[in-house]
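Enquirer: Structure for this input, please:
(one chain, ligands or ions: 1)
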Amino acid sequence: MTPILVTGGTGTLGRAVVRDLTAAGHDVRVFSRRTGGDLVTGKGLPEALADVETVVHLATTLRGPRDVRATRTLVDAATDVRHLVFVSIVGIDRIPIGYYRGKLAAERIVAERPHTILRTTQFHDLVKAILAGMAKLPVMPIPKLRAQPIDVRDVAARLTELATGDPGAEPQTWAARRSGPWPNSPTSTWRPPGNAARRSRSPSPARRSAKAPTSSPARPRAPSPSKGT
Ligand SMILES: NC(=O)c1ccc[n+]([C@@H]2O[C@H](COP(=O)([O-])OP(=O)(O)OC[C@H]3O[C@@H](n4cnc5c(N)ncnc54)[C@H](OP(=O)(O)O)[C@@H]3O)[C@@H](O)[C@H]2O)c1
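Expert: Reported below is the predicted structural model:
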């Protein structure tokens with residue numbers, strides 16, 4: 001069995017994918033700056049790709065143009081790879097923000113090799129981090145948005161299946177079954193930190209909604225194909 005290379009294997013999603021692939025008995029190689037590599041410069045990439053037939057590309061620099069450069073570096077180096085699995089985001093072809101434009105450009109680069117693209121919605125961890133940041137303000141703004149976030153473990157399980165299968169032609173989507181308004185559905189387990197509540201002059205919408213009953217499970221049992229957030 002040849003090793004599977006996971007770029008970004010030290011990140012939120014990457015750790016879950018590495019855990020799943022390892023549990024399934026695969027020899028997993030992690031590539032990130034913490035393990036001595038760099039996708040933007042290509043440092044350590046030829047060594048990391050030696051004998052590798054499958055790459056799961058999860059690394060992100062959190063900057064669209066740098067992600068495009070990193071993906072170009074990877075794809076140019078991965079000439080012998082038989083299957084490149086790439087995680088992308090639902091709605092990137094409809095929402096013109098810089099990070100998403102970079103993701104779309106990276107998808108096209110990935111498509112130069114035998115590949116599978118999995119587009120998912122936002123992870124609970126990301127929604128929680130955004131809300132925690134907003135909760136530092138004296139009054140917490142609640143954006144008028146619907147969201148359909150997913151547990152990173154469900155994304156990892158699907159990526160593990162895809163990585164051990166054959167390349168597919170069309171991008172696939174993966175999301176929780178139901179969407180809902182912020183912050184109820186995405187954050188049914190989230191509570192604003194104590195200091196945010198103290199600093200608000202009146203009960204914040206987040207605090208009210210944190211008390212409101214919600215039927216959305218924190219971890220969807222059966223993720224499903226999605227039309228987007
Ligand atoms: N978060 C979400 O809600 C969400 C939703 C849909 C899709 N996605 C996609 O899922 C993927 C993983 O997201 P995540 O939230 O797990 O990200 P994350 O926690 O920020 O992890 C990013 C990973 O990329 C690595 N990395 C950063 N710069 C690098 C470089 N120059 N060379 C090599 N590795 C580098 C980081 O490791 P080092 O710091 O050690 O380099 C880390 O392992 C991304 O492609 C993201 O677009 C995320």
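Enquirer: Every contact and neighbour count from this point should use C-alpha atoms.
Expert: Will do.
Enquirer: how about the helices in the chain?
Expert: Assigned by DSSP state H, the helices in the chain fall at 12-23, 45-49, 64-77, 98-110, 124-134, 152-163, 194-199, 205-211.
Enquirer: Enumerate the residues of the protein near the ligand.
Expert: 7-14, 32-34, 37-40, 58-61, 87-89, 120-123, 126 (C-alpha under 6 Å from any ligand atom).
Enquirer: Buried ones among the residues you listed?
Expert: In the residues of the chain next to the ligand, burial by neighbour count holds for 7-10, 12-14, 32-33, 37-40, 58-60, 87-89, 120-123, counting by 16 or more other C-alpha atoms under 10 Å.
Enquirer: low-scoring stretches of this structure, by residue?
Expert: 182-229 (pLDDT under 70).
Enquirer: For the residue lying closest to Leu45 once chain neighbours are set aside, give me phi and psi.
Expert: Once flanking residues are discounted, Leu45 sits nearest to Gly37: 6.7 Å by C-alpha to C-alpha, 6 or more residues apart in numbering. Backbone torsions of Gly37, given as degrees, to the nearest 10, read phi -110, psi 180.
Enquirer: Isn't Gly37 up against Gly44?
Expert: Yes - between Gly37 and Gly44 there is a contact at 4.8 Å, judged by C-alpha atoms under 8 Å.
Enquirer: what residues are up against Leu162?
Expert: Applying C-alpha atoms under 8 Å, 6 or more residues apart in numbering to Leu162 gives the contacts 85, 116.
Enquirer: Tell me how far it lies from the ligand.
Expert: 15 Å (C-alpha to the nearest ligand atom, to the nearest Å).
Enquirer: before we move on, what about Asp20?
Expert: On the measure of C-alpha to the nearest ligand atom, Asp20 and the ligand end up 14 Å apart.
Enquirer: surely that residue meets Leu159?
Expert: No - the pair Asp20 / Leu159 is not scored as a contact, 9.3 Å apart, by C-alpha under 8 Å.
Enquirer: between those two, who's got more neighbours?
Expert: Leu159 (25 against 19; other C-alpha atoms under 10 Å).
Enquirer: Roughly how far does that one sit from the ligand?
Expert: Taken as C-alpha to the nearest ligand atom, the span from Leu159 to the ligand is 11 Å.
Enquirer: how many neighbours does the closest residue in space to that residue that isn't next to it in sequence have?
Expert: Sequence neighbours aside, Val17 is the residue nearest to Leu159 in space, at 7.1 Å (criterion: C-alpha to C-alpha, 6+ apart). Around Val17 there are 29 other residues, counting by other C-alpha under 10 Å.
Enquirer: Relative to the whole chain's centre, how far out is stretch 135-142?
Expert: 25 Å (C-alpha atoms, centre = their mean, to the nearest Å).
Enquirer: How about it, which residues are buried there?
Expert: Neighbour-count burial for stretch 135-142 [16+ other C-alpha under 10 Å]: 135-136, 139-140.
Enquirer: which one of the residues you listed is nearest Met1?
Expert: Of all the buried residues of stretch 135-142, Met1 sits closest to Ala135, with 47.7 Å by C-alpha to C-alpha.
Enquirer: which residues does Tyr99 contact?
Expert: 62-65.
Enquirer: I'd like to know which of those residues are buried.
Expert: 64-65.
Enquirer: Switch the contacts of Tyr99 over to TSV; also include distance to Thr71.
Expert: Formatted as TSV, those follow (distance: C-alpha to C-alpha, whole Å):
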residue	distance to Thr71
Leu62	13
Arg63	12
Gly64	11
Pro65	10
